[in-house]
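**Student:** turn this into a structure:
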Amino acid sequence: MTPWLAGLVVEETYRGGGVGTALVRTVEAHAASAGIGTLYLYTWQARGFYEALGWSAVETFEQVGAPTLLMSKSLL
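**Tutor:** Model prediction:
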């Protein structure tokens, strides 16, 4: 499974203002323009954020003893 959206963090004081959404949409658009059909990411705390942007849960697993959710988004 590749490529991955990874390392996206918005400083807490800027959350809720659309910065994260804009960053994700920009990455999605760039990937789609490069012919990428599907992106992947993993998260737990931000799963609701990504679900609201159209990402789908693929699988739940444990990573370093903590629950983690693998998600994907079809771009084409």
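**Student:** now the end-to-end length of stretch 30-39.
**Tutor:** 11 Å (Cα to Cα, to the nearest Å).
**Student:** buried stuff in that stretch?
**Tutor:** Neighbour-count burial for stretch 30-39, with 16 or more other Cβ atoms under 10 Å as criterion, is recorded at 31, 39. For the C-beta atoms, the positions are set from N, CA and C on the backbone; glycine is no exception.
**Student:** tell me which stretches of this protein form helices.
**Tutor:** 19-33, 47-52 (DSSP state H).
**Student:** for residue 8, find the nearest of the ones you listed.
**Tutor:** With Cβ to Cβ, the closest approach to residue 8 among the helices of the chain belongs to helix 19-33: 6.0 Å.
**Student:** picking that back up, make JSON lines from the helices of the chain and add distance to residue 8 and mean pLDDT to it.
**Tutor:** Written out in JSON lines, the entries for the helices of the chain read as follows (distance: least, Cβ to Cβ, whole Å; pLDDT from 0 to 100):
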{"stretch": "helix 19-33", "distance to residue 8": "6", "mean pLDDT": "97"}
{"stretch": "helix 47-52", "distance to residue 8": "10", "mean pLDDT": "97"}
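**Student:** would you format those helices as TSV with distance to residue 2 included?
**Tutor:** Converted to TSV, those look like this (distance: least, Cβ to Cβ, whole Å):
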stretch	distance to residue 2
helix 19-33	11
helix 47-52	18
